[in-house]
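> quick one, fold the following:
(chains A and B)
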Amino acid sequence: MTRYLILEDGTVFKGDAVGAATTSTGELVITNNIGGFEHVITDQTYNDQIIVFMSPMISNQSLNRDDYESITPSCKGAIFNSVPYQQITSTASNSIDTFLRKRRIPGITNVNVQRLARHIKEYGAMKASIMDTDDEHAIDQIRALVIPRDRVKTVSTKQPYPNPNVGFKIVVIDLGLKFSILRQLSIRKCDSIILPYNTTAEDILELAPDAVLYTSGPGSPLEISDTIETCRQIEGKVPIMGIGLGHLVVSLANGAQVSQLSVGHHGSNIPTLEIATENIEFSNHNHNYTVELTKQARTNFFITYRCVVDNSIEGLRHRFDPTMTVQFQPESAPGTHDALYIFDEFIEMINSFWQGKQL
Amino acid sequence: MCKEIVDGKTMKRTLTRITYEIIEKNKGKQDLILVGIRTRGAYLAQRIQTRLRQLEDYEVPAFSLDVTNFRDDVQEKNGQQLEFTADDINNKNVVLVDDVLYTGRTIRAALDAIMSIGRPEKISLAVLVDRGHRELPIRADYVGKNIPTSHQEVIKVAVAEVDDGDSISIVNSEV
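Below is the predicted model of the structure:
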């Protein structure tokens, strides 16, 4: 069945239906991930977005059910260059079509994604709609749609829950976490407690955590000013790590500013420079915003990572407090395992902070 | 029997982390100087100096120090003269760098060497490996790795500048 991707400016892309037979509208986002479809589609950072996969073919094998990053993915659609015929016709529960159907995510395959990507690069990020018909009425609907502003609230956990283990007690502030972050903490035997995004500083410190981790998540950090204020209150009292949106939250709490990138980083193999050693690592990026250091923030932070492509800041470390942040996704998922050691660095930071307290 | 316990990649990462901690504890003041204890410690100090230059864009002086003349177990004083003068260290924040912290006697000698010519504001100690068995009341401020050992074992730190590459290995002299 033919299905249409209708852009805000009226451009129409035609393709074949895959996944749920619903219509949906969201912001288009282009990802250069070659593999790891399971990770990407279940990543809550893509909340309310339509994901365009630039890879020539997606999923020529069935999905790996060990690689999901959330239980209920909340993206608005998936656009493919091509999906193998077997994956569309198969009724197996881990075929791409069944996966999308069950989660009520519509998709379109056989779309000219190169032309689509070029179009977005030329005219800027825009909203789009996945529809079964192509009429004038559709464009009015897209224009009328206001992109929701409380994405973190939608994806963050409503109830606190534990992920017990035997090591350091880590409070994970869920801004839309990927399970891989918890997996990496579990590998390092961290006893994690996952809390909603709007937990107060008092409640966090009440749990006597060894460290606090702000996870990645969707949308703009300016929408969650309470979380930023909380971060300001707990900083210095416990070690803090920020990933993705968490990096922006911690930076804002220290007086930095954020701005939107002209071309967002979405891909699993973006080169990142570690400034201390001048090593280049390939890491998974997924962000539209970037930090700009103001004078105040510059006295608080020094830069530890930069993106090689556009020189944007990718990692910061606090000069006085045990606080470290990275804009990219060290847990990879999908992508290379180059940056996994950042979790080890986090554990070492916790270690030296509490040892220093004892002396 | 020789067993590698830390590979080159982890060793580089550990040095990077020590550098971050030095910046963190220094509270933004620009009065650091690095003193590396020969042989391996001197190279480690140079590496920390490089990392500080990349991160902070300012040159921290790094000196190497031969402690032979100040040791309590060596009679002949045929070590090298001190590289730095009183002006270099007076009222400065000195970070001593060594590869392995064991009995603490080398560090004691290094402290004597520094104190013999000047009066720094503060001396702190960064070591790659703390293996325990102290014989003097000395502790490190920045520790790369705590490796509990027995007296029979030897910790061997290799650095690429003089050895076949970066590694930390544990050698059991009894076997």
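
> excluding sequence neighbours, find me the nearest residue to whichever residue of the stretch 51-200 of chain A sits closest to chain B.
Going by Cβ to the nearest Cβ, chain B is nearest to A:R188 of the stretch 51-200 of chain A, at 14.6 Å. In short, each C-beta sits where N, CA and C put it, glycine included. In space, and not counting its chain neighbours, A:R188 is closest to A:I347: 5.5 Å by Cβ to Cβ, 6 or more residues apart in numbering or on different chains.

> for the worst-scoring helix or strand of chain A on mean pLDDT, C-alpha coordinates in CSV please.
Across the helices and strands of chain A, mean confidence by mean pLDDT, DSSP states H and E is lowest for helix A:136-144: a mean of 80. Once side chains and other backbone atoms are set aside, the C-alpha atoms of helix A:136-144 remain, and they are given as CSV (Å, rounded to 0.1, in the frame of the first residue of the first chain):
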residue,chain,number,x,y,z
GLU,A,136,-4.2,19.8,0.7
HIS,A,137,-5.9,19.3,4.0
ALA,A,138,-2.9,17.4,5.3
ILE,A,139,-0.5,20.4,5.1
ASP,A,140,-2.9,22.6,7.1
GLN,A,141,-3.0,20.0,9.8
ILE,A,142,0.8,19.8,10.0
ARG,A,143,1.1,23.6,10.2
ALA,A,144,-1.5,23.6,13.0
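
> tell me which residues in it are buried?
Buried residues in helix A:136-144, counted by 16 or more other Cβ atoms under 10 Å in any protein chain shown: A:A138, A:I139, A:I142.

> report the contact partners of the last one.
Same thing as A:I142. Residues touching A:I142, when contacts are defined by Cβ atoms under 8 Å, 6 or more residues apart in numbering or on different chains, comprise A:I6, A:L7, A:E8, A:T25, A:K127, A:A128, A:S129.

> so where is chain A shaky, pLDDT-wise?
For chain A, the stretches with pLDDT under 70 are A:359.

> ok, back up a step: derive a PyMOL selection command for the buried subset of the contacts of A:I142.
Selecting the buried subset of these in PyMOL, with 16+ other Cβ under 10 Å as the burial test, is done by:
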select buried, chain A and resi 6+7+8+25+127+128+129
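
> JSON lines for the contacts of A:I142, including distance to chain B and secondary structure?
Supplementary listing: the contacts of A:I142 in JSON lines, determined by distance: Cβ to the nearest Cβ, whole Å; DSSP: H, G, I helix; E, B strand; the rest coil:
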{"residue": "A:I6", "distance to chain B": "48", "secondary structure": "strand"}
{"residue": "A:L7", "distance to chain B": "44", "secondary structure": "strand"}
{"residue": "A:E8", "distance to chain B": "43", "secondary structure": "coil"}
{"residue": "A:T25", "distance to chain B": "45", "secondary structure": "strand"}
{"residue": "A:K127", "distance to chain B": "41", "secondary structure": "strand"}
{"residue": "A:A128", "distance to chain B": "42", "secondary structure": "strand"}
{"residue": "A:S129", "distance to chain B": "47", "secondary structure": "strand"}
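
> what two of the contacts of A:I142 are the furthest from one another?
With distance counted by Cβ to Cβ, no two of these lie farther apart than A:L7 and A:T25, which are 10.9 Å apart.

> mind listing the shared neighbours of the two?
When contacts are counted by Cβ under 8 Å, 6+ apart, the set common to A:L7 and A:T25 consists of A:K127, A:A128, A:I142.

> nearest to A:V52 among those residues?
Distance to A:V52, by Cβ to Cβ, is smallest for A:A128 among these, at 9.1 Å.

> for chain B, what are the nearby residues on chain A?
A:274-278, A:299, A:302-304, A:317-322, A:324, A:341, A:344-345, A:348-349, A:352, A:359 (Cβ under 8 Å from any Cβ of the partner chain).

> drop anything exposed from these.
Burial of these was assessed by neighbour count (16+ other Cβ under 10 Å); the buried members are A:274-277, A:302-304, A:317-322, A:324, A:341, A:344-345, A:348-349, A:352.

> for whichever residue of chain A sits closest to chain B, which non-adjacent residue is closest in space?
Scanning chain A for proximity to chain B using Cβ to the nearest Cβ identifies A:A276 as nearest, at 4.2 Å. Of all residues not flanking A:A276 in the chain, B:R51 sits nearest, at 4.2 Å (Cβ to Cβ, 6+ apart).

> the one you found contacts A:T277, correct?
Yes: contact criterion Cβ atoms under 8 Å: B:R51 and A:T277 qualify, at 6.7 Å.
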